[in-house]
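>>> here are the coordinates; sequence isn't available:
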């Protein structure tokens with residue numbers, strides 16, 4: 001199976017560029033249209049990380065339940081769900 005990062009729908013290019021600019025603005029990175037060779041690896045990574053954070057949020061839920069072994073005790077349970085594509 002061949003894996004590439006090409007956008008298959010030409011109209012999606014502008015939407016992805018807008019999404020990238022919005023993510024860069026949120027993390028305070030000065031991103032320009034076209035080549036951004038002046039960015040450090042940390043800055044470029046923070047933009048990509050912000051895009052993933054906005055696109056694939058992690059959901060958490062906390063519950064307190066009664067302990068089935070020790071009567072009168074309860075314990076906290078935390079469920080974490082993340083959508084992985």
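Ah, there it is. The structure displayed is predicted, hence computed values, not measured ones.

>>> so for stretch 37-53, what's the average pLDDT?
The average of the pLDDT scores along stretch 37-53 is 90.

>>> who's in contact with it?
19, 20, 23, 24, 26, 27, 29, 31, 36 (Cβ atoms under 8 Å, 6 or more residues apart in numbering). Placement of C-beta: from N, CA and C, glycine included.

>>> got a quick ChimeraX command for the buried subset of those residues?
Selection of the buried residues among the contacts of stretch 37-53 in ChimeraX, burial being defined by 16 or more other Cβ atoms under 10 Å:
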select :20,23,24,29,31
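
>>> and the contacts of stretch 37-53, which two are furthest apart?
26 and 36 (16.1 Å; Cβ to Cβ).

>>> which residues of the chain fall in helices?
Assigned by DSSP state H, the chain shows helices spanning 12-27, 41-55.

>>> now the ones you listed as CSV including distance to residue 73?
Output for the helices of the chain, formatted as CSV (distance: least, Cβ to Cβ, whole Å):
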stretch, distance to residue 73
helix 12-27, 43
helix 41-55, 37
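
>>> between the ones you listed, which one is closest to residue 65.
Of all those, helix 41-55 comes closest under Cβ to Cβ, at 30.0 Å.

>>> name the residues of that closest one that are buried.
43, 46, 47, 50, 51.

>>> and the angle for that helix with helix 12-27?
For helix 41-55 against helix 12-27, the angle by axes from the mean of the first three to the mean of the last three Cα atoms, to 10 degrees is 110 degrees.

>>> which residues are contacting stretch 18-36?
With Cβ under 8 Å, 6+ apart, stretch 18-36 has contacts from 17, 39, 43, 44, 46, 47, 48, 50, 51, 54.

>>> got the end-to-end distance for it?
15 Å (Cα to Cα, to the nearest Å).

>>> just how off-centre is that stretch within its chain?
Chain-centre distance of stretch 18-36: 15 Å, with Cα atoms, centre = their mean, to the nearest Å.

>>> ditto for stretch 9-19
For stretch 9-19, the distance to the chain centre is 18 Å (Cα atoms, centre = their mean).

>>> give the rounded mean pLDDT of that stretch.
Averaging pLDDT residue by residue across stretch 9-19 gives 85.

>>> out of the helices of the chain, which comes closest to residue 74?
helix 41-55 (32.7 Å).
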